[in-house]
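Asks: Make a model of this:
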Amino acid sequence: MSQHIRNLAIIAHVDHGKTTLVDQLLRQGGAFRSNQVVAERVMDSMDLEREKGITIKAKNTSVHWRENIINIVDTPGHADFGGEVERVMKMVDGVMLVVDAYDGPQAQTRFVLRKALKQGLRPIVFINKIDRENSNPKKVHDQVLELFLELHATEEQFNAPFLYGSARDGFAVRELGDKPVDMIPLLETILSYIPAPAADPKAPFTMLVSNIAWDDYVGRIAIGKIIGGQVTTGDMIYRVQKNGARDRCKITKVIEYSGTSSTDSTLGISGNIVGLAGFTDLDIGETLCAQEDQPALPFVDIDPPTIRMEFAVNDGPFVGREGKLVTSRQIRERLDREQKGNISIHVEESERAGVFYVSARGAMQIAVLVEQMRREGYEVLVSRPVVITKSEGGKTLEPFESLWLELPEETIGSVMKVLSARKGAINQMETHPHSVTIEATIPTRGLIGFEFDLMNLTNGRGVMSHLFLEYRPHAGEISSRLTGTLVSTDTGVATSYALDQLQERGKLFITAGEEVYKGMIVGENPRADDLPINPTREKQLSNVRSKGEGKGIQLTPPIKLTLERSIEYIAPDEYVEATPKSLRLRKKFLNPEDRKRQAKQMAGVAD
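Replies: The predicted structure is shown next:
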């Protein structure tokens, strides 16, 4: 049976069209009825994925075509979610590399392909968007071959088949110039080139847990490829934990994935990717087996996290108004749950009560977690990201990243100036007819907040991607924010009378009628220091002044920062207060006397 099964992951850089390609494979493989209304990017099932237009979680499906089962794993394309890609490599026997016919292979392409080639997986290359204006599929073909050489591909991997097409228009061709019809050439290439899974149907049941799903009725579901034997509903099996401990479990459900849905099955065969239920507790990377003496299966090495942030209990005066889950126990349980399903996130207790350290690959990965928690009813305080440093031979080492930029030619001077201030070093620069591409090396610290600066400097036309490179000696002081803040000295409702005078001092983050509290950041001060202000001050009435005077006040619209921008904007002594309905910036210590005391302590430590 396993000879009719193919398991492959689809990998690509952000926005190169892999989720749209999965849509077409499902549609042409017969997963949908002819009259069925199907949303675009059907595999992006999370609300956040649809809103941001990116894949966040790796998800699997299957196409049943000509009596064959093609199991497809759709993976994220953003470097921050690289852990999602790494862990599915043990579940598949080949990968399909999707590359934009204009952009060519980008940073994430390099990262994911290196992992796939290292695992010995066979690649198929699909050059997408050949109908795009200014596309150059021949040049991209050569760039992909150069990338294979650079990543030390074997001869078999280097001779990977290339196909060209458009995922949006639903066609694939083997040679440029062939008549575009459908995706059948791609499906045929998958069956002929990707090997059948190396699974032994006669061996005892064995499976490595590569993913975890949740069902409200059966609880945790272990997802993985069966590499030995078979499993049926009601079987008693052993769960081998990472520390070597073994538990006995009963399989209550076997689940197969097809199209956009899952179906109950009585039998899971070797080589197939299935879901198994019947566990009270489970971790990614554990082994499920039929016999007690079977050894644990090796799991893929995961790259370590490079940044860390504080998650703290909301101790502000508005706590509990908008969210119901506000205690340290509730936040700790939610972070533990995230840690179990997301292996690239680490959670640690801090030395302070109600404060946890969360380590991850990038600020965006943590911002997605905070946004999910907000929507689930949590209130939490989040700090600015700091990099995780190492110490070797008495030297402090910090993470560095490779950075790729594509910018309009006229903006290159201002971008280079910002890069230099953030300790970036230019490795390579190429000039194109309408743009410039830059390859640079920069400390991870220098990347925090850089994307926002790039958008401003290039009027939204700059494109960046980055990838962890290595740990190097500390690069020295980096000043990313040159401005101070306007800090409220009172609690109450902001008035237009007070804000009218304050907007001359700087840019405001609030407008009249919003509630503020003591220690809350209500605006940006152009100078480097913090300025205490009172946004709740009301106009004093007298015999001369009437209440009606001043009705013609015109307030400048406030700046509303997104969650990602807020996290990168705040200083080390500030928090983002994230609640289900609001995002507020505030000082860690709301009382100005406490802030002064803390500043003195920090100065003493520095001395």
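Asks: looking at it, residue 106 is touching residue 13, isn't it?
Replies: Yes - if you go by C-beta atoms under 8 Å, residue 106 and residue 13 touch, sitting 3.8 Å apart. All C-beta atoms are positioned from the backbone trio N, CA, C, and that covers glycine.
Asks: Tally up the residues packed near residue 454, please.
Replies: 21 (other C-beta atoms under 10 Å).
Asks: Can you spell out which helices and strands pack onto the helix or strand it falls within?
Replies: Assessed by DSSP states H and E, residue 454 sits inside helix 450-457. Under the contact criterion of 3 or more C-beta pairs under 8 Å, 6 or more residues apart in numbering; DSSP states H and E, helix 450-457 touches helix 412-421, strand 463-473, helix 563-569.
Asks: where among those is the average confidence lowest?
Replies: Between the helices and strands packed on helix 450-457, the lowest average pLDDT goes to strand 463-473, which shows a mean of 85.
Asks: So which elements touch it?
Replies: helix 107-118, strand 395-408, strand 435-443, helix 450-457.
Asks: about what we covered before: counting neighbours, show which residues of the helix holding residue 454 come out buried.
Replies: Along helix 450-457, these residues count as buried under the neighbour rule (16 or more other C-beta atoms under 10 Å): 450-454, 457.
Asks: I'd say residue 311 and residue 338 touch.
Replies: No - Residue 311 is not in contact with residue 338 according to C-beta under 8 Å; the separation is 10.5 Å.
Asks: So which of these two has more stuff around it?
Replies: Comparing residue 311 with residue 338 by other C-beta under 10 Å, the one with more neighbours is residue 311, at 27 against 15.
Asks: got the helices and strands packed on strand 463-473 as a markdown table, with mean pLDDT columns?
Replies: As requested, the helices and strands packed on strand 463-473 are exported to a markdown table (pLDDT from 0 to 100):
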| stretch | mean pLDDT |
| --- | --- |
| helix 107-118 | 79 |
| strand 395-408 | 89 |
| strand 435-443 | 90 |
| helix 450-457 | 84 |
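Asks: Give me whichever of these is most buried.
Replies: Among the helices and strands packed on strand 463-473, helix 107-118 has the highest mean neighbour count (mean count of other C-beta atoms under 10 Å), at a mean of 21.
Asks: sorry, back to before: nearest to residue 160, out of the helices and strands packed on helix 450-457?
Replies: strand 463-473 (21.8 Å; C-beta to C-beta).
Asks: partners of the closest one, with directions?
Replies: strand 395-408 (antiparallel) (DSSP bridges).
Asks: which stretch of helix or strand covers residue 593?
Replies: Using DSSP H and E, residue 593 maps to helix 592-606.
Asks: Mind checking the pLDDT average for that helix?
Replies: For helix 592-606, the mean pLDDT works out to 79.
Asks: Isn't residue 163 up against residue 126?
Replies: Yes - with contacts counted by C-beta under 8 Å, residue 163 reaches residue 126, the gap being 5.1 Å.
Asks: So for the two, which sits in the more crowded spot?
Replies: Counted by other C-beta under 10 Å, residue 163 and residue 126 do not tie: residue 126 has more neighbours, with 24 against 21.
Asks: Might you report the residue contacts of the more buried one?
Replies: 21, 96-99, 163-165, 172, 186 (C-beta atoms under 8 Å, 6 or more residues apart in numbering).
Asks: pretty sure it belongs to a helix, no?
Replies: No - assessed with DSSP: H, G, I helix; E, B strand; the rest coil, residue 126 is strand; it does not lie in a helix.
Asks: Dig out what it forms beta bridges with.
Replies: Beta-bridge pairing of residue 126, defined through DSSP bridges, involves residue 98, residue 163.
Asks: cool, residue 74 as well?
Replies: Beta-bridge partners recorded for residue 74 (DSSP bridges): residue 10, residue 59.
Asks: Residue 367 - nearest residue in space that isn't next to it in sequence?
Replies: Distances taken as C-beta to C-beta, 6 or more residues apart in numbering put residue 564 closest to residue 367, at 4.5 Å, once the chain neighbours are dropped.
Asks: repeat for residue 288
Replies: Of all residues not flanking residue 288 in the chain, residue 207 sits nearest, at 4.6 Å (C-beta to C-beta, 6+ apart).
Asks: Would you mind giving the helices and strands packed on strand 463-473 as TSV with distance to residue 4 added?
Replies: Below are the helices and strands packed on strand 463-473 laid out as TSV (distance: least, C-beta to C-beta, whole Å):
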stretch	distance to residue 4
helix 107-118	23
strand 395-408	41
strand 435-443	44
helix 450-457	46
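Asks: quick one: which of the ones you listed is nearest residue 267?
Replies: Closest of the helices and strands packed on strand 463-473 to residue 267 is helix 107-118, at 29.9 Å (criterion: C-beta to C-beta).
Asks: Which strands or helices does the closest one pack on?
Replies: strand 5-12, helix 82-88, strand 94-100, strand 122-128, helix 137-150, strand 463-473.
Asks: List of residues touching stretch 471-481?
Replies: 389-390, 395-400, 421-423, 443, 445-446, 448-450, 569, 571.
Asks: picking that back up, out of the helices and strands packed on helix 107-118, the one nearest residue 298 is which?
Replies: Residue 298 sits nearest to helix 82-88 of all the helices and strands packed on helix 107-118, at 12.6 Å, using C-beta to C-beta.
Asks: what are the C-alpha coordinates of the closest one, in CSV please?
Replies: Provided in CSV are the C-alpha atoms of helix 82-88 (Å, rounded to 0.1, in the frame of the first residue of the first chain):
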residue,chain,number,x,y,z
GLY,A,82,11.2,28.3,10.7
GLY,A,83,10.7,25.8,13.6
GLU,A,84,7.4,24.8,11.9
VAL,A,85,9.3,23.8,8.8
GLU,A,86,12.2,22.0,10.7
ARG,A,87,9.9,19.7,12.6
VAL,A,88,8.0,18.4,9.5
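Asks: same for that helix, what does it pack against?
Replies: Helix 82-88 packs on strand 5-12, helix 107-118, going by 3+ C-beta pairs under 8 Å, 6+ apart.
Asks: What pLDDT does the model give residue 202?
Replies: Taking residue 202 on its own, its pLDDT is 87.
Asks: for it, phi and psi?
Replies: In terms of degrees, to the nearest 10, the main-chain angles of residue 202 are phi -90, psi -10.
Asks: Tell me the spatial nearest neighbour of it, not counting adjacent residues.
Replies: residue 229 (7.5 Å).
Asks: for the chain, which spans come out with low pLDDT?
Replies: Residues of the chain that meet the criterion pLDDT under 70 lie in 1, 29-57, 77-80, 82, 107-108, 259-261, 301, 541-552, 604-607.
Asks: need the contact list for the residue nearest to residue 202.
Replies: Residue 229 neighbours (C-beta under 8 Å, 6+ apart): 200-206, 270, 290.
Asks: Compare residue 106 and residue 13 and say which one has the larger neighbour count.
Replies: Shown here are residue 106 and residue 13; by other C-beta under 10 Å, residue 13 has more neighbours (26 against 22).
Asks: And that one, how far from residue 160?
Replies: Using C-beta to C-beta, to the nearest Å, we find residue 13 at a distance of 17 Å from residue 160.
Asks: do residue 305 as well
Replies: Residue 305 sits 32 Å away from residue 160 when distances are taken as C-beta to C-beta.
Asks: again, but for residue 146
Replies: 13 Å.
Asks: higher neighbour count, those two?
Replies: Between residue 146 and residue 160, residue 160 has the larger neighbour count (other C-beta under 10 Å), namely 20 against 12.
Asks: which SSE is the more buried one in?
Replies: Assigning secondary structure by DSSP H and E places residue 160 outside every helix and strand.
Asks: So it sits against residue 125, correct?
Replies: Yes - using C-beta under 8 Å, residue 160 makes contact with residue 125 at a distance of 5.5 Å.
Asks: Show me the common contact partners of those two, please.
Replies: Taking C-beta under 8 Å, 6+ apart as the criterion, residue 160 and residue 125 both touch residue 97.
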